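K.L.:
Here is a sequence with its predicted model. Questions after.
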Amino acid sequence: MAQKQLFSAKPTFQLPLHSKLVRVALVPHEQAIGRRTAAAATLAVVLQVKEALLSSSNIASAFDFSLTAPDQTLEEADAVVRTHARDLLQIKRFIDRESWREAQVALRESSSYLKQDLYTIIQAKPGSQRPQLRKLYSVLFNNASMLDYAARDKDASRVHECYDNMVKTLNEIFAVI
């Protein structure tokens with residue numbers, strides 16, 4: 001009685017049995033697929049990935065690379081930086097009502113625009129002014145992050161402290177620029 005062969009007789013490529021770099025796994029014969037089937041499946045996956053990537057531009061969770069490669073000019077940043085700073089400070093109304101989730105959402109949205117504006121302005125400044133502005137930039141956005149965490153923890157006193165530090169730091173930044 002002949003025993004049914006469970007594994008393909010031809011390995012994909014030849015390697016010495018003692019090779020530790022690459023291990024060849026034998027595929028059960030029932031699970032082996034043909035070249036055409038593999039090519040069709042690969043093509044289907046590639047097309048699905050392409051479609052998903054092209055249609056995800058309208059999705060809120062799509063990647064936003066604007067901070068890594070800003071296409072904003074100094075004039076554009078100067079024109080809107082005060083508006084974005086004002087938008088950031090308008091989270092005070094959510095803080096006063098203790099609407100922590102809304103405060104977090106507004107903080108994250110407005111701080112990203114202000115961060116890009118300030119980065120563009122700092123990069124355009126002379127080298128002697130940059131260290132001071134970078135330090136203030138760091139203090140401002142570290143306080144924004146701490147405010148975000150404090151709002152998550154519903155720690156009203158810490159939220160107010162971080163907000164006050166942000167106001168003070170923004171005033172210092174605008175005094176320099």
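P.N.:
Arrived safely, thanks for sending.
K.L.:
Run a quick check on Leu107 versus Ile91, I expect a contact.
P.N.:
Yes - in this structure Leu107 lies within contact range of Ile91 using CB atoms under 8 Å: 5.2 Å. Where you see a C-beta, it was placed from the backbone N, CA and C, and this is true even at glycine.
K.L.:
These two - which one has more neighbours?
P.N.:
The residue with more neighbours, out of Leu107 and Ile91, is Ile91; 26 against 22, by other CB atoms under 10 Å.
K.L.:
Is it correct that the more buried one is in contact with Tyr163?
P.N.:
Yes - using CB under 8 Å, Ile91 is in contact with Tyr163, at 7.5 Å.
K.L.:
what's the helix ranked longest in the chain in contact with?
P.N.:
Longest helix of the chain, by residue count under DSSP state H: helix 100-124. The contact list for helix 100-124 (CB atoms under 8 Å, 6 or more residues apart in numbering) reads 66-67, 70, 72-74, 76-78, 80-81, 84-85, 87-88, 90-91, 94-95, 130, 133-134, 137, 140-141, 144, 147-148, 151-152, 154, 159, 173, 177.
K.L.:
again with stretch 90-99
P.N.:
Contacting residues not belonging to stretch 90-99 are listed as 100, 102-103, 106-107, 110, 151, 154, 156, 159-160, 163 [CB under 8 Å, 6+ apart].
K.L.:
Thanks again, I'm all set now.
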